[in-house]
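Trainee: got a structure for you, letters missing:
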Ligand SMILES: NC(=O)C1=CN([C@@H]2O[C@H](COP(=O)(O)OP(=O)(O)OC[C@H]3O[C@@H](n4cnc5c(N)ncnc54)[C@H](OP(=O)(O)O)[C@@H]3O)[C@@H](O)[C@H]2O)C=CC1
Ligand SMILES: O=C1OC[C@@H](O)[C@H](O)[C@H]1O
């Protein structure tokens, strides 16, 4: 299993395999595309371009990519390329996605899809999507494609949810201060980066948009540095069903025991308590809490803990708990359930990125796939929630390199 995470089975490529090009010699590309492509018979990573061609050469050699283009534009104009993967800094996503789509390429776009709401509207509602045979564009929120996440969503109905807590923290030292994530001009910030997963999690769990960003706070990268860029951020939301959500994100959290032990991003969903009526003067209340450990890298390890607490309270005074007991079940889902009507392709060693690639290729090929997808409207709402959060906290909306502003 561990070996196949890095060196998965490599079936022969089909003669009409899709040819992908990568913009930038980015750190995430081996995990998000190059390794997943090995096990996909319909995907070839055919080309890469970097601002510095010698960097692209070295990257191509290391990852056995046959073609190196002199510039991002050259790669996009290469008629042999079908799909472009864009792992550029956030602030460049809009510009290069639009260029690639306009050139007729399908686009796998790293998260967060764009810098702000205006860019999101302009990109995902672009007139080119109304033309016949439009290209495919996917906002790469990869964890949503894994069976563990899809299984987790079947454990409750969104209307039952009363509270969600999501924590995505990294300890200091992992991300250097000069990183793209801390640069204003490149649309950096903790909420744009690790925090964007937390935003997508709460929206995915409620299957709705927050009715209100209630409150929040943030911490700057370091005193005296660009105050528009947050190192850490927390926010509270309300949803139309009356439920709430809290997100916490930090890209340089202090090395406390609590932060180290919470490195695997976790989330807790509390369901609305169920009142099961009164018998012999006692009211039965059932409370359910579902915790998912490591929703982001579930292939390596994950657990879904379901705790059900049944309490009997005085029918006249609910604060008097007469007796209470809990049961706990733990579940995992490393592959699609064998009982599903149509067995989905998948292996236990497939990462979230590999599952994502499977569905991306299905869309490009016009195949139904398993139905897991992120629509353009979903991507717009994701960015709108990020912007609403910044506004509530008094932080500026991230800038656009193309002049498009909210
Ligand atoms: N899906 C996931 O799990 C993850 C997604 N990401 C997302 O992927 C994107 C890239 O992240 P990551 O790979 O960590 O970043 P890197 O810094 O490793 O890569 C970014 C690439 O962007 C290019 N680039 C172009 N212009 C600039 C510029 N002005 N400054 C810096 N780099 C520039 C560089 O390419 P060149 O080689 O041409 O110089 C560089 O290789 C981000 O949007 C991030 O949010 C990141 C990590 C995980
Ligand atoms: O997308 C991401 O996921 C993993 C994090 O380490 C990273 O900062 C982020 O860009």
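Mentor: Now that the structure is in, tell me what you want to look at. The model shown is predicted, which means the values in this text are computed figures rather than measured ones. Ligands and ions are numbered 1, 2, ... in the order given.
Trainee: what ranges does the stretch 251-400 of the chain have for its strands?
Mentor: Taking DSSP state E, counting those that start in this stretch as the test, the strands found in the stretch 251-400 of the chain are 266-271, 274-279, 282-293, 303-314, 321-331.
Trainee: just send those back as JSON lines, with mean pLDDT, distance to ligand 1 and mean neighbour count too.
Mentor: All C-beta spots, glycine's among them, are computed from the backbone N, C-alpha and C. As requested, the strands of the stretch 251-400 of the chain are exported to JSON lines (pLDDT from 0 to 100; distance: least, Cβ to the nearest ligand atom, whole Å; neighbours: other Cβ atoms under 10 Å):
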{"stretch": "strand 266-271", "mean pLDDT": "96", "distance to ligand 1": "17", "mean neighbour count": "22"}
{"stretch": "strand 274-279", "mean pLDDT": "97", "distance to ligand 1": "37", "mean neighbour count": "12"}
{"stretch": "strand 282-293", "mean pLDDT": "98", "distance to ligand 1": "17", "mean neighbour count": "18"}
{"stretch": "strand 303-314", "mean pLDDT": "98", "distance to ligand 1": "20", "mean neighbour count": "17"}
{"stretch": "strand 321-331", "mean pLDDT": "98", "distance to ligand 1": "24", "mean neighbour count": "11"}
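Trainee: now these as JSON lines including distance to residue 347?
Mentor: Below are the strands of the stretch 251-400 of the chain laid out as JSON lines (distance: least, Cβ to Cβ, whole Å):
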{"stretch": "strand 266-271", "distance to residue 347": "25"}
{"stretch": "strand 274-279", "distance to residue 347": "38"}
{"stretch": "strand 282-293", "distance to residue 347": "21"}
{"stretch": "strand 303-314", "distance to residue 347": "20"}
{"stretch": "strand 321-331", "distance to residue 347": "19"}
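Trainee: flag every residue of the stretch 51-200 of the chain that's near ligand 1.
Mentor: 51-52, 55, 87-90, 92, 110-111, 140, 142, 180, 193 (Cβ under 6 Å from any ligand atom).
Trainee: dump the residues you listed to JSON lines, plus pLDDT.
Mentor: Supplementary listing: these in JSON lines, determined by pLDDT from 0 to 100:
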{"residue": "51", "pLDDT": "97"}
{"residue": "52", "pLDDT": "96"}
{"residue": "55", "pLDDT": "97"}
{"residue": "87", "pLDDT": "98"}
{"residue": "88", "pLDDT": "98"}
{"residue": "89", "pLDDT": "98"}
{"residue": "90", "pLDDT": "98"}
{"residue": "92", "pLDDT": "98"}
{"residue": "110", "pLDDT": "98"}
{"residue": "111", "pLDDT": "98"}
{"residue": "140", "pLDDT": "98"}
{"residue": "142", "pLDDT": "98"}
{"residue": "180", "pLDDT": "97"}
{"residue": "193", "pLDDT": "98"}
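Trainee: of those residues, buried ones?
Mentor: 87, 88, 89, 90, 92, 110, 111, 140, 142, 180, 193 (16 or more other Cβ atoms under 10 Å).
Trainee: just give the closest residue to the fourth one, not the sequence neighbours.
Mentor: Of all residues not flanking residue 90 in the chain, residue 187 sits nearest, at 3.9 Å (Cβ to Cβ, 6 or more residues apart in numbering).
Trainee: hang on, the one you found packs against residue 397?
Mentor: No - Residue 187 is beyond contact range of residue 397, at 9.5 Å (criterion: Cβ atoms under 8 Å).
Trainee: who touches both of those two?
Mentor: Listed as contacting both residue 187 and residue 397 by Cβ atoms under 8 Å, 6 or more residues apart in numbering are residue 116.
Trainee: show me the contacts for residue 35.
Mentor: Here residue 35 is in contact with 5, 6, 8, 351, 353, 354 (Cβ under 8 Å, 6+ apart).
Trainee: ok, and the most crowded of those?
Mentor: Each of these was scored by neighbours using other Cβ atoms under 10 Å; the highest score is residue 354's, at 27 neighbours.
Trainee: and the closest residue to that one other than its chain neighbours, how many neighbours?
Mentor: Of all residues not flanking residue 354 in the chain, residue 36 sits nearest, at 4.0 Å (Cβ to Cβ, 6+ apart). By other Cβ under 10 Å, 24 other residues sit near residue 36.
Trainee: how far off centre is the helix or strand hosting residue 36?
Mentor: Taking DSSP states H and E as the definition, one finds residue 36 inside helix 35-38. A distance of 19 Å separates the centroid of the chain from that of helix 35-38, by Cα atoms, centre = their mean, to the nearest Å.
Trainee: could you pull out the buried residues of stretch 54-71?
Mentor: Across stretch 54-71, burial judged by 16+ other Cβ under 10 Å covers 56, 59, 60, 63, 65, 67, 68, 69.
Trainee: just stretch 363-373 next, same as before
Mentor: Under the neighbour-count criterion of 16+ other Cβ under 10 Å, stretch 363-373 has 363, 364, 369, 370, 372, 373 buried.
Trainee: again, but for stretch 224-238
Mentor: Those buried within stretch 224-238 under the rule 16+ other Cβ under 10 Å are 228, 229, 230, 231, 232, 233, 234, 235, 236, 237.
Trainee: quick one: end-to-end length of it, please.
Mentor: Its start and end residues considered, stretch 224-238 measures 33 Å (Cα to Cα, to the nearest Å).
Trainee: and residue 68, what are its bridge partners?
Mentor: residue 48 (DSSP bridges).
Trainee: for the remainder of this discussion, apply numbering that starts at 751.
Mentor: With the count now opening at 751, the last piece we talked about shows up as residue 818.
Trainee: of all the buried residues of stretch 804-821, which two lie farthest apart?
Mentor: For the buried residues of stretch 804-821, the maximum inter-member distance is 14.7 Å, found between 813 and 819 (Cβ to Cβ).
Trainee: state the mean pLDDT of the helix or strand harbouring residue 873.
Mentor: In the assignment (DSSP H and E), residue 873 maps to helix 867-874. Average pLDDT, helix 867-874: 98.
Trainee: and that helix, how far from the chain's centre?
Mentor: Here helix 867-874 is found 18 Å from its chain centre; the criterion is Cα atoms, centre = their mean.
Trainee: skip ahead from that helix and say which helix or strand is next.
Mentor: Past helix 867-874, the next helix or strand by DSSP H and E is strand 887-889.
Trainee: how far does that next one sit from the chain's center?
Mentor: In this view, strand 887-889 has its centroid 12 Å away from the chain centroid, taken as Cα atoms, centre = their mean.
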